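>>> any chance you can model this:
(one chain, ligands or ions: 2)
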Amino acid sequence: MKELLPGRRQPRGTRHVAGRFLALSLAALAVGIILVTAGCAGITPATLPGNAPGQISADHPVRVSEGKPLSVFSRQEAFSIHQVITEDSATSRTIVWQSEQEEKDPFVEYRALGADGTPSGELWAQGARRNERFAEDGKTSWIHTVKLTGLRPGTAYQYRLGAGSRRGPWLSLKTPAGPRFQALIFTDSQSARYDTWGKVAGSAWSRHGTADLALVLGDLVDNGQQDAQWRQWFRQAAPLVTSIPVAPVLGNHETYTLDWQVRMPEAYTRFFPLPALPERWQRQYGSQFYSFDVGEVHFTVVNTQFRELEKFEPHLQEEQLAWLRQDLRQTRKKWKIVLMHKDALQYGFKHRQTPRAEGFSDEGKIFLPVFDEFSVDAVLSGHLHSYRNRGHIRNFRRDASGPLYIMAGLSGDVRYPDLWRDHALDERVLPQPETDNYMTLDAAPDRLVFRTYLPDGTSVDEAILDKP
Ligand SMILES: [Fe+2]
Ligand SMILES: [Fe+2]
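Numbering: from 1, shown residues only. Ligands and ions are numbered 1, 2, ... in the order given. Reported below is the predicted structural model:
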């Protein structure tokens, strides 16, 4: 896979450079004074190549002039670059990346592209809201989070990371507009080797390169504490996750320690700073569950790990239910889609000694009545590594007036061949033994279309929801 960041740096440290740096600093100080005097918002500082630290606001865009970068980020200076979904991806975007060393005042520069794909607008920048030291699995890194705000809907941009006089390569970003958009859907990308995940994500992106966001329904990695797995996950899917925002779902594997005990999902919640919850829930549960809108669709993302996390968060289940009801009640969007990792249905084992009856899972028993009550349109899940379209269910029975329940299969290399019995409510099961798959969601004003594909692009299922 093509490396995003060639390890290229220009030599530094000569007296000549030191002198130039002093001159730059003095000039930058002058710009800073102008900025402060002008009260910042909307002004046009004649920013130098290599903006001085602290000049660029994290809260609002500042116009900057493009200078020639003195050097390019190396792989150690910027890795695991990815976009994260915000509450409104038409006007904002979160960019996250890591570095091996501490960075002072990193930022992101960005500009709009014209219809022909060339830069047409002014150059803007926003600084990092968080620069967090993160020690995990024997490695120390810094996680940088920049939130771009005030973006124009329906616009293509290019952006690049910056710190001091260094810059990353230009990357792509675009904002959706109106009720039409496309989402790519993956689940259970957890792997022994992440090249399979890279192939599935790469295949989906090469076929649907105009998609607006990627939903990942949990178990992104096999072990949520293993640093190398996260690096592989981001690296293998770099063309995708640097270009469109990821809306992730917390899975059980994100909560595992290196010795497979349960812990809080420390890495996951740092890599994915997700839309804030109302105050009552944010401090305790931020980034574990959340909601966001795209077009006329309200996405509600739940955390199905309340059994595992009980010793850390004894009230997670009832607190999340209270939030879920409030969230589904308050939205005015035409469509409601719920994303959850563990499936609502329970499947029996085909060959295991301990039998298990088919029915509804504990999570399903808790959530289904709420989904019925608030007329959720579709529920997407994962976890069993098997694709199952169950059609519409209400009140625990097949009912065309209930939400559509689709369990996506897998997008990694962990497979459970011949493990599950078919369920009486299954309407479509993929040929066994099952390989990877991905899905698309195409949203239009009166219609949602879910399509399922094998990695080679073969279409294997379709479900259409209409609401005139
Ligand atoms: Fe899984
Ligand atoms: Fe799982």
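>>> who touches the closest residue to ligand 2 within the stretch 301-450 of the chain in this structure?
With distances taken as Cβ to the ion, the stretch 301-450 of the chain approaches ligand 2 most closely at H383, which sits 3.9 Å away. For every residue, glycine as well, the C-beta is placed using N, CA and C. With contact set as Cβ atoms under 8 Å, 6 or more residues apart in numbering, H383 has these partners: 187-188, 218-219, 251-252, 304, 341-343, 407.
>>> can you check R180 too?
295, 442-445.
>>> give me every residue in this protein lying close to ligand 2.
Taking Cβ under 5 Å from the ion as the criterion, the neighbours of ligand 2 within the chain are 219, 251-252, 383.
>>> hey, where'd the helices end up in the stretch 301-450 of the chain?
Counting by DSSP state H, counting those that start in this stretch, the stretch 301-450 of the chain forms helices over residues 316-330, 362-373, given from the N-terminal end onward.
>>> does L215 count as helix, strand or coil?
The local conformation at L215, judged by DSSP: H, G, I helix; E, B strand; the rest coil, is strand.
>>> what bridges to it?
I185, A247 (DSSP bridges).
>>> and K147, by the same measure?
T94.
>>> spit out the contact partners of it.
Neighbour list for K147: 58, 86, 92-95, 126, 129 [criterion: Cβ under 8 Å, 6+ apart].
>>> correct me, but K333 touches E296?
Yes - contact status for K333 versus E296: in contact at 5.4 Å, counting by Cβ atoms under 8 Å.
>>> if you rank the contacts of H383 by neighbours, which is first?
In terms of neighbours by other Cβ atoms under 10 Å, these top out with T187 at 31 neighbours.
>>> got the residues of this protein near ligand 1?
Within the chain, the positions adjacent to ligand 1 are 188, 219 by Cβ under 5 Å from the ion.
>>> need the longest strand for the chain.
Longest strand in the chain by number of residues (criterion: DSSP state E): strand 123-136.
>>> flag every buried residue along that strand.
By 16 or more other Cβ atoms under 10 Å, the buried positions in strand 123-136 come out as 123-128, 131, 136.
>>> swap in stretch 162-176?
For stretch 162-176, the neighbour count (16+ other Cβ under 10 Å) marks 162-169, 171-176 as buried.
>>> re the thing from before, K333 and E296: who's more crowded?
Of the pair K333 and E296, E296 is the one with more neighbours under other Cβ under 10 Å, namely 19 against 15.
>>> so what's that one up against?
Taking Cβ under 8 Å, 6+ apart as the criterion, E296 is in contact with 179, 333-335, 443, 445.
>>> from these, which is closest to A357?
The closest of the contacts of E296 to A357 turns out to be W335 (Cβ to Cβ; 33.4 Å).
>>> now that closest one. Nearest residue, chain neighbours left out?
With Cβ to Cβ, 6 or more residues apart in numbering as the criterion, W335 has its nearest non-adjacent residue at 4.4 Å, and that residue is V297.
>>> show the pLDDT at the one you found.
As summarised for this prediction, V297 has a pLDDT of 98.
>>> can you give me the domain boundaries for the protein?
According to the domain assignment given by automatic domain parsing, the chain is divided into the following structural domains: 16-174, 181-466.
>>> so where's the stretch 251-400 of the chain shaky on pLDDT?
Across the stretch 251-400 of the chain, no stretch falls below the confidence threshold (pLDDT under 70).
>>> how does it look with 90?
Counting by pLDDT under 90, the stretch 251-400 of the chain has low-confidence residues at 350-355.
>>> what sits against the most centrally placed residue in the chain?
Here the mean C-alpha position of the chain is nearest to the C-alpha of V246 (Cα atoms, centre = their mean), at a distance of 2.1 Å. The neighbourhood of V246, defined by Cβ under 8 Å, 6+ apart, consists of 82-85, 213-214, 216, 272.
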